[in-house]
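Trainee: next come a sequence and a model predicted from it.
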Amino acid sequence: MSRNPILNDKAFGVDGNGPSPSQEWAAAQGQAGPGGGFGQASAAGADAAWQRGAAQSGFGQPGATQPGTAAPYGTPYQGAPTAGGPIVGTGGRVMTIGGVSAAALLMLVFIIVGAFVGWSQVSVQEIGRALDGSIVRSAELNSPLVFFGSLIAAFALAIATAFMPKIARFTSLPYAFLEGVVLGLISHLYEVDSSGIVLQAILGTFAVFSIMLLLYGLRVLRATPKFVKGVIAATFGVMAMYMIGWIISMFSSSFVPFWASSGVMGIGISVVIVVIAALNLIIDFDFIERGSQNNLPAYMDWYAAFGLIVTLVWLYLEMLRLLSKLRSN
C-alpha cells in the first residue's frame, strides 16, 4: 500500500484547489531511500510532486527541506506541501497512529461479532467413531446463501474501498462484519475436521503480527522500493495462482491443485504464502507511519486500518490452510 497507484487525486475526490493528498503522499515517498536518505530515482518524482504542491500553496519559504536532501529515516518530510499543518479541507484533523489503531480494533470487534454469527450457521452431527475411539463428525452449512452472500458483499466492499479511500470510514465496519461471517463459517468447518485448529491459527496469526511489528520497529525490515515491488509482485502471483485454480475447478470436478495437497510441496507452498502475507504487514506498517508523519487526512485512519485488517484476514486463512495440511500428515 505504501506505493499504491490507487492513491491518486480521483480516488481522494479533490477538485484541484490546493495540494492534494496524493501529491503529499508522492512527495513523502521520496524520502525512503536506502540507509534512511533520499533515493536518487525516487527523489526526482518527489521533487516534481513538491513543486506542484508548492506552486499551489505558496510553500517553499527559506529553511524548508526540499526533496533530494538527506534526512534521517522516520523524520517527517519538512518540504511537503502540508508541513506545519493538516491538508487543506480536513477541518484540522489528520491521520494518526492512534486513530488507525482505534479503527483497526473496532474492525476486529465487528469481525468477532460476525464470526459468532457465521459459526452458528454450521450444523455438526456425529456420524460414528474412528478406530482409535475418537468421535467422527460431519458439518454442513445451514444456508449456503449466507456464506456466498456475505463473501460476495465483503468482496464488493473491499474493491470499492480500495479504489475510493474516502469511503473507508463508511464501508470498513460493514466489511469487517461480513468478513467475520465468512471467517466464522470457514473456521467452524476447519474446527470440525481438526479440533483446536482455530485457536492455533489465531495464536499463530497474532505471533506473526507481533514479530513483524517488532522487526519493523527495530528497522530490521523496511519498506524500501525494491522490497515493496517484490512483495507486491509475489502477492499478485499468489492471487493469480488461486484464480487460475478456481477457474479450472469450475470445469473439472476432479482437479486438485498441487498447492492444495498435504504433501511436502503443498506444505512448502503454504509456508511461502504465509511468509508473503506476513511481509505485506511491513508495507502496511510503513503506510501507517508515513501517513501519520505527513499529515494525511483523518479519513485515512480508516483506509489504513482497512488495509491492515485485510492483510491479517489473509494471513489467518493461510495459517488455517497450513495447519490443516500439517495435521493431515
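Mentor: Good, I have the coordinates.
Trainee: and the host helix or strand of Leu145, what does it pack onto?
Mentor: Element membership of Leu145 [criterion: DSSP states H and E] is helix 144-163. Helix 144-163 makes packing contacts with helix 97-119, helix 168-193, helix 300-327 when contacts are defined by 3 or more CB pairs under 8 Å, 6 or more residues apart in numbering; DSSP states H and E. No exception for glycine: its C-beta is placed from N, CA and C like everyone else's.
Trainee: below-threshold pLDDT in the stretch 1-150 of the chain: ranges please.
Mentor: Judged against pLDDT under 70, the low-scoring parts of the stretch 1-150 of the chain cover residues 1-92, 128-136, 138.
Trainee: can we see that at 90?
Mentor: Counting by pLDDT under 90, the ranges of the stretch 1-150 of the chain that qualify are 1-94, 121-144.
Trainee: residues of the helix holding Leu145 that come out buried?
Mentor: Of the residues in helix 144-163, those with enough neighbours to count as buried (16 or more other CB atoms under 10 Å) are Val146, Phe147, Ser150, Leu151, Ala153, Ala154, Leu157, Ala158, Thr161, Ala162.
Trainee: now tabulate those in CSV and tack on distance to Phe110.
Mentor: Compiled in CSV, these are given as follows (distance: CB to CB, whole Å):
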residue, distance to Phe110
Val146, 17
Phe147, 18
Ser150, 13
Leu151, 16
Ala153, 14
Ala154, 11
Leu157, 12
Ala158, 14
Thr161, 14
Ala162, 18
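Trainee: by how many degrees do the helix holding Leu145 and helix 168-193 diverge?
Mentor: For helix 144-163 against helix 168-193, the angle by axes from the mean of the first three to the mean of the last three CA atoms, to 10 degrees is 140 degrees.
Trainee: just the angle between helix 144-163 and helix 300-327, please?
Mentor: In this structure, helix 144-163 runs at an angle of 130 degrees to helix 300-327, with the same axes, to 10 degrees as the basis.
Trainee: next, the angle helix 97-119 makes with helix 144-163.
Mentor: Orientation of helix 144-163 against helix 97-119 (the same axes, to 10 degrees) gives an angle of 160 degrees.
Trainee: alpha carbons of helix 144-163, as PDB, please.
Mentor: Taking C-alpha atoms only, helix 144-163 is exported to PDB below (Å, rounded to 0.1, in the frame of the first residue of the first chain):
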ATOM      1  CA  PRO A 144     -25.100 -21.600   1.600                       C
ATOM      2  CA  LEU A 145     -26.800 -18.300   0.700                       C
ATOM      3  CA  VAL A 146     -25.400 -16.700   3.900                       C
ATOM      4  CA  PHE A 147     -21.900 -17.800   3.100                       C
ATOM      5  CA  PHE A 148     -21.900 -16.800  -0.600                       C
ATOM      6  CA  GLY A 149     -23.900 -13.600   0.000                       C
ATOM      7  CA  SER A 150     -21.500 -12.500   2.700                       C
ATOM      8  CA  LEU A 151     -18.500 -13.400   0.700                       C
ATOM      9  CA  ILE A 152     -19.700 -11.500  -2.400                       C
ATOM     10  CA  ALA A 153     -20.800  -8.500  -0.400                       C
ATOM     11  CA  ALA A 154     -17.500  -8.300   1.500                       C
ATOM     12  CA  PHE A 155     -15.500  -8.600  -1.700                       C
ATOM     13  CA  ALA A 156     -17.500  -5.800  -3.300                       C
ATOM     14  CA  LEU A 157     -17.000  -3.500  -0.300                       C
ATOM     15  CA  ALA A 158     -13.200  -4.300  -0.300                       C
ATOM     16  CA  ILE A 159     -12.900  -3.500  -4.000                       C
ATOM     17  CA  ALA A 160     -14.900  -0.200  -3.600                       C
ATOM     18  CA  THR A 161     -12.900   0.800  -0.600                       C
ATOM     19  CA  ALA A 162      -9.500   0.100  -2.200                       C
ATOM     20  CA  PHE A 163     -10.300   2.400  -5.100                       C
END
